[in-house]
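Novice: Sequence plus the predicted model coming up.
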Amino acid sequence: MTFTTRPELSGTFGMVTSTHWLASAVGLKLLEAGGTAFDAAAGVGFVLNVVEPHLNGLLGDMPAILRVAGEDPVALCGQGVAPAGATIEHYRDAGLDLIPGSGLLATVVPGAFDAWMLMLRDHGRLPLRDILAPAIHYARAGHPVLPRVANTIAGQAAFFAAEWPTSAEVWTPGGKAPAAGTLFANPQLADVWDQLAQEADAAPNRVAGIDAARRAFASGFVAERIDTYMSDACVMDGTGERRRGVLTGDDMAQWSASYEPTVSVDHHGWQVHKCGPWTQGPVLLQCLQMLRNDPLAEMDPNGPDFVHLVTEALKRGFADREVYYGDPDHADIPLAALLSDAHADAHRADITDQATHDHRPGVISGYEIPLAAYHTRAGRVVPQDTGTGGGEPTMAHLTNRKGDTVHIDVVDQWGNMVSATPSGGWLQSNPVVPGLGAPLNSRAQMFWLTPGLPTSLAPGRRPRTTLSPSMALHADGRALAFGTPGGDQQDQWQLAFFLRHVHHGMNLQEAIDAPLFHTGHLQASFYPRGMRAGHLMAEPHFAEATLDALRAKGHALEVAEPWTVGRLTAAQHAPDGLVKAAATPRLMQAYAMGR
């Protein structure tokens, strides 16, 4: 028997996994109440807004992959766009050559709420009041605050008091940061959800109620409070300067969440689905293409050859991400070429038994301008200070010691599935909007202020987000939803998990528990957008011989603190009705629940 930190759960009724045990319990409650996977996932998402506010919030963003039982997966875009006033000229005139990691100019249209509503309207069963009730309860009555939340608030408390008083009111009531484990409430946020639920309650039916809540958010009281605040707010951002933002209520009214096809490749009997190149998701697909002909099953999944090969594939995939990815509604993205056998084979032929320390994007004819811009950026001097609330709150062992984002995987008894990665609106990313109990997001920091690129800042354009849920369907009828928080590391950890599950026969929990690794050899998505040449981080429960062999291959190896890399979760449905799930023990928060 192989030891795992937790059992791989199995049953027939349903499975819920998330990055916090309270949220997972709420999801199971909603399944028990007769809801679908879509009802449960939304309820989980709203509770995560309450219990992990340093990682996601009401005004954040969320891509998801949905599967109605028996159908092909679809992508759900809850990534808001840049406001009408978000032009390169405006930001340059504000003295910026890089978008700050926090502050009002880092904000795009909030997208997560409308995405949840669209999913619920089309695929849910329960009234909106039932979905929101657990989140309202925990926001109003309080929940035991996580140590990482308490530490994040304590670290920002003086700054909130001096510069962001609306945040001080919510996060340090009475002038004190909450102590870890004590009950902490956010009555402003509870009132917002209660008012949205009242809008739905007054409608003649469930669908009309959800549509009423969407209007109240996008063009009603939520948008009005944001518009009023943004009309004269001038607050300190991550650069240490006070600046005004450009988001308006009109920007919110003109945007809505939407469905679109997933992008997928076949890998050893699995059709692996990701969101499009407005996310980093196709990186995982590119790596699967590069590795499709390698004898992975013959490699030790915890050995140096496996880690080296996967890492080198990731370096090339992420280099392509920085050159070619972006919003396909606003730029010509050569996705077919990037996922082609020929492109993958050229990358694979470039991988040797020594670690790459330079830049290796693939070359696609007609894209010379973004390719040249990538190499120019590679030579830039990177600021050493991430600034106030800057960057993404990443894993505890990385530079900004604040946490990461959140993830949800749910499957119900009928085979409906959701994989969702909500994020943004972190308590340290922006001031709380008065009357909403939540701050705006900072996803605009992923744009560049250089014109002519797929990721250039432009009104109405989606930032190329790191958020990257996954789903895979096997030829035998199994369906797997999986994902993790972690910024640029999300698809790195997911790739290792998936390969070990597929090629080495590890069950979901074994593949999650296995020692993880990732590289910083990429142009980071978050302010200050740096790169760590040749970097490789690995957990210490790799064998020492493996770590030594990786050093010998030229990797700039950084050994992590034990059990700190990755927050993977997964849920699976099989044709015989068996459902399975697993969740990471790392950081001691994530839980899978089901029966």
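Specialist: Structure received. Everything numeric here is computed off the predicted structure, so don't read it as measured data.
Novice: Could you use CA atoms for every contact and neighbour count after this?
Specialist: Noted.
Novice: hey, what's the nearest residue to residue 258 once chain neighbours are set aside bridged with?
Specialist: Leaving aside its sequence neighbours, residue 258 sits nearest to residue 77 (C-alpha to C-alpha, 6 or more residues apart in numbering; 5.4 Å). Beta-bridge pairing for residue 77 (DSSP bridges): residue 63, residue 258.
Novice: Quick check: residue 575 vs residue 480, distance?
Specialist: Distance of residue 575 to residue 480, computed by C-alpha to C-alpha, to the nearest Å: 12 Å.
Novice: show me where pLDDT drops low in the protein?
Specialist: Along the chain, the parts satisfying pLDDT under 70 run over 1, 383-404.
Novice: just how off-centre is stretch 119-127 within its chain?
Specialist: Centre-to-centre, stretch 119-127 and its host chain are 23 Å apart (C-alpha atoms, centre = their mean, to the nearest Å).
Novice: I'd guessed residue 565 sits against residue 514; true?
Specialist: No. In this structure residue 565 lies outside contact range of residue 514 using C-alpha atoms under 8 Å: 10.6 Å.
Novice: More neighbours: these two, which one.
Specialist: Neighbours were counted for residue 565 and for residue 514 using other C-alpha atoms under 10 Å; residue 565 has more, 25 against 20.
Novice: Let me know the secondary structure of the more buried one.
Specialist: Taking DSSP: H, G, I helix; E, B strand; the rest coil as the rule, one finds residue 565 in the coil state.
Novice: Setting the sequence-adjacent residues aside, check what's closest to it.
Specialist: residue 516 (6.2 Å).
Novice: contacting residues for that neighbour?
Specialist: By C-alpha atoms under 8 Å, 6 or more residues apart in numbering, the residues touching residue 516 are 493, 496, 538, 539, 565, 566.
Novice: got it, and residue 57?
Specialist: Residues counted as contacts of residue 57 (C-alpha under 8 Å, 6+ apart) are 48, 49, 50, 423, 424, 425, 426, 427, 438, 439.
Novice: Return the member of these nearest to residue 554.
Specialist: residue 423 (34.6 Å; C-alpha to C-alpha).
Novice: Which other helices and strands does the helix or strand where residue 374 lies contact?
Specialist: Element membership for residue 374 (DSSP states H and E) is helix 368-378. Contacting helix 368-378 under the criterion 3 or more C-alpha pairs under 8 Å, 6 or more residues apart in numbering; DSSP states H and E are the following elements: helix 304-324.
Novice: Helix or strand next in line after the helix it packs on, which one?
Specialist: helix 335-338.
Novice: Residues contacting that following helix, please?
Specialist: For helix 335-338, using C-alpha under 8 Å, 6+ apart, the contacting residues are 277, 286, 320, 343, 344, 364.
Novice: burial count for the first one?
Specialist: It stands for residue 277. Around residue 277 there are 22 residues (other C-alpha under 10 Å).
Novice: Please identify which helix or strand holds it.
Specialist: Residue 277 belongs to no helix or strand, assigned by DSSP H and E.
Novice: mind checking how far it is from residue 487?
Specialist: 15 Å.
Novice: again with the last one
Specialist: Taking C-alpha to C-alpha as the measure, residue 364 and residue 487 are separated by 26 Å.
Novice: immediately after the helix holding residue 374, which helix or strand?
Specialist: Next element after helix 368-378 (DSSP H and E): strand 408-412.
Novice: tell me the secondary structure for the residue lying farthest from the centre of the chain?
Specialist: Distance from the centre of the chain peaks at residue 204, with 35.2 Å (C-alpha atoms, centre = their mean). At residue 204, secondary structure determined by three-state DSSP is coil.
Novice: From here on, call the first residue 368.
Specialist: Sounds good: first residue 368 from here, last item residue 571.
Novice: quick revisit: is it true that the residue nearest to residue 625 touches residue 481?
Specialist: No. The pair residue 444 / residue 481 is not scored as a contact, 9.5 Å apart, by C-alpha under 8 Å.
Novice: Need the overlap of contacts for these two.
Specialist: Going by C-alpha under 8 Å, 6+ apart, residues that sit against residue 444 and also against residue 481 are residue 624.
Novice: Pull the number of nearby residues for residue 732.
Specialist: 7.
Novice: Could you say whether it sits in a helix, a strand or coil?
Specialist: coil.
Novice: can you check residue 574 too?
Specialist: helix.
Novice: who's in contact with it?
Specialist: Residues in contact with residue 574 (C-alpha under 8 Å, 6+ apart) are residue 488.
Novice: and what of the one 10 residues further on?
Specialist: By C-alpha under 8 Å, 6+ apart, the residues touching residue 584 are 481, 563, 590.
Novice: where's it relative to residue 620, distance?
Specialist: Counting by C-alpha to C-alpha, the gap from residue 584 to residue 620 is 9 Å.
Novice: which neighbours do those two share?
Specialist: Common neighbours of residue 584 and residue 620 (C-alpha under 8 Å, 6+ apart) are residue 590.
Novice: about what we covered before: ramachandran angles for the residue nearest to residue 932?
Specialist: phi -110, psi 170 (degrees, to the nearest 10).
Novice: Give me the distance between it and residue 492.
Specialist: To residue 492, residue 883 is 38 Å away according to C-alpha to C-alpha.
Novice: In space, not sequence, find me the middle residue of the chain.
Specialist: Note on the chain: the residue nearest the mean C-alpha position is residue 834, at 3.2 Å, using C-alpha atoms, centre = their mean.
Novice: Identify the residues contacting it.
Specialist: 429, 430, 646, 647, 648, 788, 789, 790, 852, 854, 857.
Novice: In these, which residue is surrounded by the most others?
Specialist: Highest neighbour count within these, by other C-alpha under 10 Å: residue 790, with 35 neighbours.
Novice: Just give me the neighbour total for the nearest residue to it once chain neighbours are set aside.
Specialist: Of all residues not flanking residue 790 in the chain, residue 423 sits nearest, at 4.2 Å (C-alpha to C-alpha, 6+ apart). By other C-alpha under 10 Å, the residues close to residue 423 number 32.
Novice: right, and residue 423 touches residue 415 too?
Specialist: Yes. Contact criterion C-alpha under 8 Å: residue 423 and residue 415 qualify, at 7.2 Å.
Novice: Overlap in contacts, these two.
Specialist: residue 773.
Novice: Break down the stretch 768-917 of the chain into its helices, ranges please.
Specialist: 857-871, 875-880, 911-919 (DSSP state H, counting those that start in this stretch).
Novice: Can I get those helices in TSV including distance to residue 697?
Specialist: Formatted as TSV, the helices of the stretch 768-917 of the chain follow (distance: least, C-alpha to C-alpha, whole Å):
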stretch	distance to residue 697
helix 857-871	24
helix 875-880	37
helix 911-919	41
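Novice: Return the most buried member of those helices.
Specialist: helix 875-880 (a mean of 25; mean count of other C-alpha atoms under 10 Å).
Novice: Wait, a strand at residue 377?
Specialist: Yes. Looking at residue 377 with three-state DSSP, it is inside a strand.
Novice: Contacts only, for it.
Specialist: 945, 946, 947, 948, 961, 962.
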